[in-house]
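Enquirer: sequence unknown, structure follows:
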């Protein structure tokens, strides 16, 4: 077995700092445990922050990039997480856009411009 590089060792020892960024109830308990223990390391591998040093890690990276099919439990879990994040992110973006629009569209444009201009100290702006 090859010697584990220091950057891998640091991430493998680091537990609990992994940010799930999607509802935990979409995962089984063992999946959450795996992500809690190895999530930072898997994310570093998938993002290219650290380089794979075994063929299995290279396959994980390739599976994360969708270059090859996911076959291991880690690869399947990573795909599940990525899909969960993607599906959770899109509705929030649309909701945020809609809330911003709804909050600001009822105000006449001229008064909104005046409000912004005054906020930045532009009293002499022509509002006609």
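Expert: That came through fine. Quantities reported herein were computed from a predicted structural model and do not represent experimental measurements.

Enquirer: Tell me the secondary structure of residue 53, please.
Expert: Under DSSP: H, G, I helix; E, B strand; the rest coil, residue 53 falls in the coil class.

Enquirer: who's in contact with it?
Expert: Shown in contact with residue 53 (CB atoms under 8 Å, 6 or more residues apart in numbering): 2, 4, 5, 8. (Glycine included, C-beta is placed from N, CA and C.)

Enquirer: Phi first, then psi, for it.
Expert: Main-chain dihedrals, residue 53, degrees, to the nearest 10: phi -130, psi 10.

Enquirer: Look up how far residue 77 lies from it.
Expert: 21 Å (CB to CB, to the nearest Å).

Enquirer: With residue 4 instead?
Expert: Residue 4 is 21 Å from residue 77, by CB to CB.

Enquirer: Neighbour count: the two, which is higher?
Expert: residue 77 (21 against 11; other CB atoms under 10 Å).

Enquirer: how much space is there between the more buried one and residue 6?
Expert: From residue 77 to residue 6 the distance is 25 Å (CB to CB).
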